[in-house]
Every structure is written in structure tokens, then in C-alpha cells.
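S.K.: show me the folded form of this:
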Amino acid sequence: MAHIDPDAGPNGGYLSGQLLIAMPGIGDPRFERALVLICAHDEEHAMGLTVNRPVDGLMLVDLLERLEIEATSESAPGLDEPILIGGPVERERGFVLHTSDYRSESSLPVGEGLALTATREVLEMLAHGQGPRRSVMALGYAGWGAGQLEQELRDNVWLTCSADEILLFGDDHDHKWSQALAKLGVDPGLLSAAAGQA
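M.R.: Numbers count the residues shown, from 1 in each chain. Have a look, this model is predicted:
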């Protein structure tokens with residue numbers, strides 16, 4: 001698992017638990033129309049998961065099979081959900097973003113009612129229908145060094161909005177970006193691809 005500082009969660013302030021909405025013209029195809037939940041943020045780094053980029057043809061049940069974790073509950077929620085591309089860093093590492101009704105010692109509080117767990121145990125719980133009420137699995141993450149995210153925000157690369165379960169766990173991945181903008185009252189058709197500073 002990638003290093004995650006538990007002090008960088010909601011108690012540490014910053015943008016933990018908030019969503020980043022990529023502005024048009026971000027200049028990085030990995031983040032075009034991306035919606036990224038910030039999971040940890042402090043003066044040293046920021047870490048987030050993209051929540052609107054499914055991996056083509058890879059569902060949670062497929063990943064469990066590859067990991068030789070047997071799904072014992074056909075009705076377990078989320079088994080038919082797609083795996084997400086969490087970001088370009090350490091794409092072989094898995095992270096489960098979930099509601100905080102499930103917690104283990106290795107779970108990181110992310111925001112109001114949310115946690116992040118990166119252990120095999122949470123996958124086994126999901127396979128047995130005993131995991132969190134809502135969850136999504138992502139491979140890889142987005143990471144920023146000290147001051148990097150703050151500079152990108154000053155450069156108008158990202159907008160921020162509060163997270164909600166529809167944006168985080170909903171299955172309409174094609175429209176999550178525009179739905180997040182709508183929460184801010186922004187019409188995506190009126191955004192310019194040329195980011196600038198006021």
C-alpha cells in the first residue's frame with residue numbers, strides 16, 4: 001500500500017474529503033474530465049482517487065477471482081461494479097473507497113462518512129457480503145508533492161466541490177464530471193479550455 005499519513009485526513013484540514021473537478025484544457029489526458037476525491041492532504045503531499053474512470057471490462061468479481069477470493073454471497077453489493085482507474089501512480093495497488101460503516105485498523109478516514117482501506121481483508125468482507133454499505137475499488141492513485149496541488153488550484157486547473165454518494169459510488173461515470181459542475185451551478189458548455197488566472 002502507498003504511504004498514507006492518517007494525520008492528513010479530515011482532522012488535518014486541507015481538502016481531504018473534497019472532490020476536484022478537472023477544468024477543460026488541463027493539459028494532461030490522464031485527467032481530462034476527471035473527478036478526483038482527495039483522500040489525504042497536508043503540507044507535504046496530497047493523494048486522491050479518480051472516481052469516474054472505469055477500467056474497460058474489469059469488474060470487482062473478476063478481480064476477486066484473480067486474487068483467489070471466493071465470493072460466497074451472490075447478493076453481495078458491488079460485485080458487479082467496475083474497477084476504477086484511481087490514478088497514474090502505482091496502478092498495480094488497489095484501494096477500496098467506502099462508507100465508514102466498515103472500519104478496520106488500517107482504514108483511513110477520508111471525510112464525513114467515508115474511509116479508504118487498502119487491505120485484502122476488505123475485499124474478503126465484500127466477497128462475503130459483510131463489507132461496507134457502499135464501496136468502489138480503484139487501482140492506482142493521483143499524487144501531488146508539497147505545494148503542487150495548491151499551485152494547480154491557483155492556476156485554475158481544478159474546481160472543488162463537496163463529495164456525495166452519487167458522485168462517488170454512482171454508476172453514471174460518463175456524466176459524473178458534468179454533475180459535479182452542476183452542483184456548483186456551472187454549465188460545462190460555458191467553460192473555456194484556456195485556463196487562466198484572474
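S.K.: other residues contacting stretch 172-188?
M.R.: For stretch 172-188, contacts defined as C-beta atoms under 8 Å, 6 or more residues apart in numbering pick out 19, 21-22, 24, 33-35, 51-54, 82, 159, 161-162, 164, 166-167, 170, 191. In this view, the C-beta of every residue, glycine as well, is placed from N, C-alpha and C.
S.K.: now stretch 63-83: buried residues?
M.R.: 63-64, 69, 71, 76, 78-79, 81-83 (16 or more other C-beta atoms under 10 Å).
S.K.: surely L79 and A71 touch.
M.R.: Yes - using C-beta atoms under 8 Å, L79 is in contact with A71, at 5.8 Å.
S.K.: quick check: neighbours shared by these two?
M.R.: Common neighbours of L79 and A71, counting by C-beta under 8 Å, 6+ apart, are 61, 64, 127.
S.K.: can I get those residues in a markdown table with distance to Q151, pLDDT and secondary structure?
M.R.: What follows is these, written out as a markdown table (distance: C-beta to C-beta, whole Å; pLDDT from 0 to 100; DSSP: H, G, I helix; E, B strand; the rest coil):
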| residue | distance to Q151 | pLDDT | secondary structure |
| --- | --- | --- | --- |
| V61 | 40 | 88 | helix |
| L64 | 39 | 90 | helix |
| A127 | 41 | 89 | helix |
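S.K.: any chance of the residues you listed in JSON lines, plus distance to C39?
M.R.: Putting the shared contacts of L79 and A71 into JSON lines (distance: C-beta to C-beta, whole Å) gives the following:
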{"residue": "V61", "distance to C39": "24"}
{"residue": "L64", "distance to C39": "22"}
{"residue": "A127", "distance to C39": "23"}
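S.K.: which among those residues gets closest to P29?
M.R.: Nearest to P29 among the shared contacts of L79 and A71 is V61, at 29.2 Å by C-beta to C-beta.
S.K.: next, the contact list for the residue lying closest to that closest one once chain neighbours are set aside, please.
M.R.: Leaving aside its chain neighbours, V61 sits nearest to L79 (4.4 Å; criterion: C-beta to C-beta, 6 or more residues apart in numbering). Counting by C-beta under 8 Å, 6+ apart, L79 makes contact with 59-61, 64, 71, 126-127.
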